[in-house]
Structures are given as structure tokens and as C-alpha cells.
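1. 3D, please:
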Amino acid sequence: MYKNKKVTSYDVAREAGVSQSAVSRVFRPGLSVSKKTRDKVMATANKMGYRPNAIARMLITKQSGMVAVIVSSRANENYPEVLSQVSKQLAARNKRVLLFTLDDAAGVDDLFEQIWTFQVDGVIALAAHFESQRLAQFEQHKVPVVLYNRNVPDASTNTVCCNHEQGIKQLLAELKLNNPQSYLVLSGPVDSDVANERREIALDLLKKSGEKNVQVLYGDYTYQSGRDCIAQWLKKNPAPDAVVCSNDTMAIGVIDEIRENHNIHIPNDMSVVGFDGIASSFWQSYQITTIKQPVEQLVKAAVDMLIEHIENADSPPEARVLTGTLIKGNSVKRS
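-> Below is the predicted model of the structure:
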């Protein structure tokens with residue numbers, strides 16, 4: 001009977017002996033329906049080869065079921081884990097990820113146009129920098145956005161962030177146990193909100209503690225930039241007692257460069273700390289002293305926050321700060 005035509009929810013309802021609204025409730029997560037009705041509808045739907053039409057559902061619910069996830073092309077190495085968690089947790093809320101990558105500021109206009117065209121329900125920005133006027137566009141289009149692991153002080157925006165200040169305080173406290181006389185801060189790129197925040201926190205804390213021999217170099221979060229920065233420094237300067245890296249990947253680059261090309265022992269001659277707690281930072285050959293970010297909890301908070309603002313458009317902006325865990329590795333000398 002249904003071999004040559006597309007099966008509809010009305011066909012399933014008629015075959016199963018239930019109302020069409022009962023079929024709709026079965027295929028819309030969160031709606032109430034008895035187990036008996038659910039089993040009957042699913043058995044009939046499977047027999048008939050029926051699956052709900054996502055476009056029709058969008059017209060009824062006024063939601064696309066899609067969430068745009070924006071990732072910078074210079075994202076940190078823990079972002080595959082973050083993306084996996086985001087996809088998993090959004091799927092549990094009956095949402096699907098529409099992934100966008102952003103190479104530089106020149107591509108923002110095109111990216112935003114695509115987001116409006118796909119009529120996404122919301123946006124999670126993982127590693128992308130947006131000025132306040134850009135963030136205002138989300139509000140104008142009534143698209144809720146959550147910034148993952150970053151703060152925008154001059155904008156009223158939903159944010160979920162690791163406590164960078166507490167983490168860097170803990171890292172500096174570890175370094176100070178050995179009373180270093182000179183520091184080199186390896187920052188990430190200047191167009192990264194996270195890199196700027198971590199750098200400024202470190203410099204401010206070192207200044208307040210009376211440290212006078214503090215220098216700054218800028219990398220781009222990559223392994224190679226860690227190697228290049230420390231190699232560049234050592235061409236004209238003595239080795240610093242302590243190197244504060246903006247992330248673990250740069251810290252690994254520093255350690256490899258020192259080991260391969262310089263007669264400097266880590267940690268006896270120089271201590272190195274990172275931030276993020278990526279998997280490779282725990283490898284036997286590195287064991288970096290770092291702050292491990294609570295990725296699963298950060299992602300859950302971001303997804304929960306976004307869903308709340310999708311379902312309640314009038315909810316005020318939120319900011320949630322979660323604490324990372326200090327990992328005491330072997331890259332810091334202890335007296």
C-alpha cells in the first residue's frame with residue numbers, strides 16, 4: 001500500500017490505531033506518552049519505514065534543531081575533545097552541530113551570513129574572537145550565543161570560563177618555591193581573548209609580587225612557536241629561570257627545543273609551566289606542571305546555558321566560572 005509513496009505520520013497513526021498527535025509526541029523528545037503507545041507507534045513506524053520530517057518539525061516548532069559551533073583555525077589541541085563533548089551533549093538535547101571554522105577577521109561577515117541563512121537555534125563560540133559590536137548582531141537576530149572559555153568585559157554576553165586567575169596563581173606559586181630570579185612569559189596571539197587574559201594575569205601577579213626581571217614573547221599557541229620563541233630568546237639572552245607558557249602545546253615546544261639544541265636541563269636549570277591539561281602534557285617525556293581544565297563540566301555548563309536561552313529568550317546573560325586542577329608535573333624544580 002505504501003510502497004510507492006512517502007509514509008506520513010497520519011499513515012502511521014491510522015495503521016497503529018492512535019491519533020496523529022500521539023505519533024508526533026513519540027518522535028518529539030521530552031513530550032509525555034505512555035510506554036504502550038510509544039511501543040505500538042515505534043513498531044508500526046519501523047514496519048512502514050517512517051521517519052519524521054525535520055523540515056516539517058522545524059515549521060511547527062519554529063526551531064531548526066541546529067546549533068552553530070564556531071571554532072578558530074588556531075584552536076587549542078584540546079578542542080577535538082571539546083567538540084566531541086559539545087556534539088554529545090547537544091545530541092542528548094535533540095540538537096545537531098553545524099560546524100563553522102574561522103580563519104581570520106576577514107571571514108566574519110561571510111560566517112555570520114551563513115549562520116543567519118541556516119536559521120540556527122543558537123551559537124557556541126569555542127575559540128573565536130568577536131568584538132562587542134559583532135556580539136550585538138546575535139542579539140539583533142535573536143540568536144542566543146555562549147562564549148566558551150572566554151570573557152568579554154565590555155559586552156553583556158553569556159560566557160563559560162575556566163578560572164584563569166586562580167590557575168595562574170597556582171602555577172606561579174609552584175615556580176616561586178624555587179625562588180626564580182628571571183621569568184619569560186610566552187603569550188599566545190594578541191587576537192586571542194584567552195591568551196590576552198592569561199598573559200595580563202601573569203604579568204600583573206608577577207609585578208605585584210615584586211618580580212622585576214620579567215620579559216614577554218608572543219607565539220601563536222602552536223608547538224613550533226614555542227620552539228621558535230625560546231630559540232629566539234636564547235640567541236641573545238641567558239636562559240630564564242622560569243618560563244610561563246600560554247598553553248601546554250607551546251610548553252612542549254619549549255621543552256623539545258631546549259633538549260635538542262641547548263645545553264639546558266629542565267627542570268634543574270629552567271622550570272616550565274603550561275595551561276590546559278592536554279593529553280600529551282602528561283606523557284612520560286614531558287609531565288608538565290599545568291592546570292587541567294574541567295572540559296566536560298565547562299561544555300555541560302555551556303550547553304545548559306544555551307538551551308536555557310533558546311527556550312527562554314528573555315533570560316538575562318550569565319557568566320559561569322569553573323575551577324581547573326593543578327597538576328604538579330616534573331617540569332618545575334623543587335628545592
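2. quick one: the helices in the stretch 101-250 of the chain?
-> Taking DSSP state H, counting those that start in this stretch, the helices of the stretch 101-250 of the chain run over residues 108-118, 132-140, 164-176, 193-208, 223-236, 248-261.
3. Give me whichever of those helices is most buried.
-> Among the helices of the stretch 101-250 of the chain, judged by mean count of other CB atoms under 10 Å, the one packed with the most neighbours on average is helix 248-261 (a mean of 22). Every C-beta, even on glycine, is put in place using the N, C-alpha and C of the backbone.
4. Please tell me how far it is from the chain's geometric centre.
-> Here the centre of mass of C-alpha atoms in helix 248-261, compared against the chain's by CA atoms, centre = their mean, to the nearest Å, lies 25 Å away.
5. Make JSON lines out of the helices of the stretch 101-250 of the chain and add mean pLDDT and distance to residue 316.
-> As requested, these are exported to JSON lines (pLDDT from 0 to 100; distance: least, CB to CB, whole Å):
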{"stretch": "helix 108-118", "mean pLDDT": "84", "distance to residue 316": "23"}
{"stretch": "helix 132-140", "mean pLDDT": "84", "distance to residue 316": "12"}
{"stretch": "helix 164-176", "mean pLDDT": "96", "distance to residue 316": "24"}
{"stretch": "helix 193-208", "mean pLDDT": "94", "distance to residue 316": "22"}
{"stretch": "helix 223-236", "mean pLDDT": "96", "distance to residue 316": "39"}
{"stretch": "helix 248-261", "mean pLDDT": "96", "distance to residue 316": "35"}
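6. can you list these in CSV and add distance to residue 295?
-> Below are the helices of the stretch 101-250 of the chain laid out as CSV (distance: least, CB to CB, whole Å):
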stretch, distance to residue 295
helix 108-118, 24
helix 132-140, 24
helix 164-176, 14
helix 193-208, 14
helix 223-236, 20
helix 248-261, 13
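7. mind checking how far residue 228 is from residue 262?
-> For residue 228, the distance to residue 262 under the criterion CB to CB, to the nearest Å works out to 13 Å.
8. any shared contact partners between these two?
-> Contact criterion CB atoms under 8 Å, 6 or more residues apart in numbering; no residue bridges residue 228 and residue 262 by contacting each.
9. Quick check: phi and psi on residue 311?
-> Recorded main-chain torsions at residue 311 are phi -80, psi -20, according to degrees, to the nearest 10.
10. er, residue 316 actually
-> According to degrees, to the nearest 10, the main-chain angles of residue 316 amount to phi -70, psi 160.
11. which ones are touching the most centrally placed residue in the chain?
-> Closest to where the C-alpha atoms of the chain average out (CA atoms, centre = their mean) is residue 126, at 4.0 Å. Contacts for residue 126 (CB under 8 Å, 6+ apart) come out as 69-72, 75, 79, 82-83, 86, 148-149.
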